[in-house]
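Asker: Could you work out the structure for the sequence below:
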Amino acid sequence: MTDFSLFYFANDSGNAEGDRYQLLIEGARFADEHGFQAVWTPERHFHPYGGTYPNPSVTGAAIAAITRRVKIRAGSVVAPLHHPLRVAEEWSVVDNISHGRVGVSFASGWHATDFVLNPSAYADRRTEMYERVEQVRALWRGETVDLPDGMGNPAKVRSFPPPVQDELPVWITSVGDVETFRSAGRIGAGLLTHLIGQSPELLAEKISEYRKAAAEASQGAWTGHVVVMVHTFLGEDNEAVRELVRPALSAYMRSALNLILASDPGFSSEDPENLEDDEVDFLVERSFEHYFDNIGLLGSVEKAKEVVARLAEIGVDEIACLIDFGLSTDEVMSGLTHLQRLRDVAGGSST
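Answerer: Numbering: from 1, shown residues only. Presented below is the predicted three-dimensional model:
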């Protein structure tokens, strides 16, 4: 059975001041009222794409205050940018406000510019991520950590307030590296990924590796939880939806050109800066058509049912529906009624 959640990663380049979080609030209320599994918000810095969401604990607190049932998750916290005590403190506050509904996916980060927040962490960011995940988990359980204070003296500290949940639900975010999949399984974490730059067939192989690692680490007691982010907009007619979403989704594809190049054998060694305008246009158009026709929840409910079935077949537990890739709030909200129909017919569970 596949669960459905909402995922936000807004393009902030065209929004009017005062309206940036309207869709977040309205969408979260819709998800809460209609039995969706979770609402995910990311951590993104210094760029219009995603820059509406620099701190998922802040947006998570806003969601917690206006909802009652839907789970509230970070997709993701860039762990090397932050002290683990601050992560534990902030998310414990949200856990209390929400009465125990939070979860966090941790990422290592990849944009060097983001690390102006903590430059020394960039070189070993992957190692630092796993270390900080375990530190946050320990703090969440109420354990103390030994750290130097302002005078350089050793101090034992624990984070407050105590959370509601005994254990913090944790995922690891991966853009497709199979070793990250395996590592997530080995530490007993869920997995958050997407289909930009990896085919469903390749993703299926990586999920299998993740499941094996999770089962081995838990002596067979747990085989993991896989969440895949998918761009989503549903309507009555496939072609009408195609033309409605084409400008916004094409702009997203253009912004994700590095991922597109990595997955294209004809261009995989190219630097985006070296491509001619017509080559970029060709790649974006081809990617849009592939995504719309094959792997996005885009078009009619009947068409989307086939995508859900394929994702379930390869081992996806939850589809995180990315709904805010450039359409207006009214357009997105109208599409959510069709997404609810899909969720009902596809058998998603209620929270």
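
Asker: Only C-alpha atoms, please: export stretch 58-71 in PDB.
Answerer: The C-alpha coordinates for stretch 58-71 follow below in PDB (Å, rounded to 0.1, in the frame of the first residue of the first chain):
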ATOM      1  CA  VAL A  58      10.300  27.000  11.300                       C
ATOM      2  CA  THR A  59       7.900  26.000   8.500                       C
ATOM      3  CA  GLY A  60       7.200  22.800  10.400                       C
ATOM      4  CA  ALA A  61       6.200  24.800  13.500                       C
ATOM      5  CA  ALA A  62       3.800  26.800  11.400                       C
ATOM      6  CA  ILE A  63       2.200  23.600  10.000                       C
ATOM      7  CA  ALA A  64       2.100  22.000  13.500                       C
ATOM      8  CA  ALA A  65       0.000  25.000  14.800                       C
ATOM      9  CA  ILE A  66      -2.700  24.600  12.200                       C
ATOM     10  CA  THR A  67      -3.000  20.900  11.800                       C
ATOM     11  CA  ARG A  68      -4.000  17.900  14.000                       C
ATOM     12  CA  ARG A  69      -3.100  14.700  12.200                       C
ATOM     13  CA  VAL A  70      -0.700  15.000   9.300                       C
ATOM     14  CA  LYS A  71       2.900  14.200  10.000                       C
END
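
Asker: for it, what is the average pLDDT?
Answerer: Across stretch 58-71, pLDDT averages out at 98.

Asker: list the buried ones in it?
Answerer: Neighbour counts over stretch 58-71 (16 or more other CB atoms under 10 Å) mark 59-64, 67, 69-71 as buried. Every C-beta, even on glycine, is put in place using the N, C-alpha and C of the backbone.

Asker: One more: stretch 225-236?
Answerer: In stretch 225-236, counting by 16+ other CB under 10 Å, buried: 225-235.

Asker: Pick out whichever of the buried residues of stretch 58-71 sits closest to residue 46.
Answerer: residue 59 (17.2 Å; CB to CB).

Asker: Hmm, the closest one is touching residue 53, no?
Answerer: Yes: taking CB atoms under 8 Å as the definition, residue 59 is a contact partner of residue 53 at 5.9 Å.

Asker: any common contacting residues for the two?
Answerer: Common neighbours of residue 59 and residue 53, counting by CB atoms under 8 Å, 6 or more residues apart in numbering, are 8, 41.

Asker: Name the helix or strand for the spatially most central residue of the chain, please.
Answerer: What sits nearest the mean C-alpha location of the chain, by CA atoms, centre = their mean, is residue 75, with 3.7 Å. According to DSSP states H and E, residue 75 maps onto strand 71-78.
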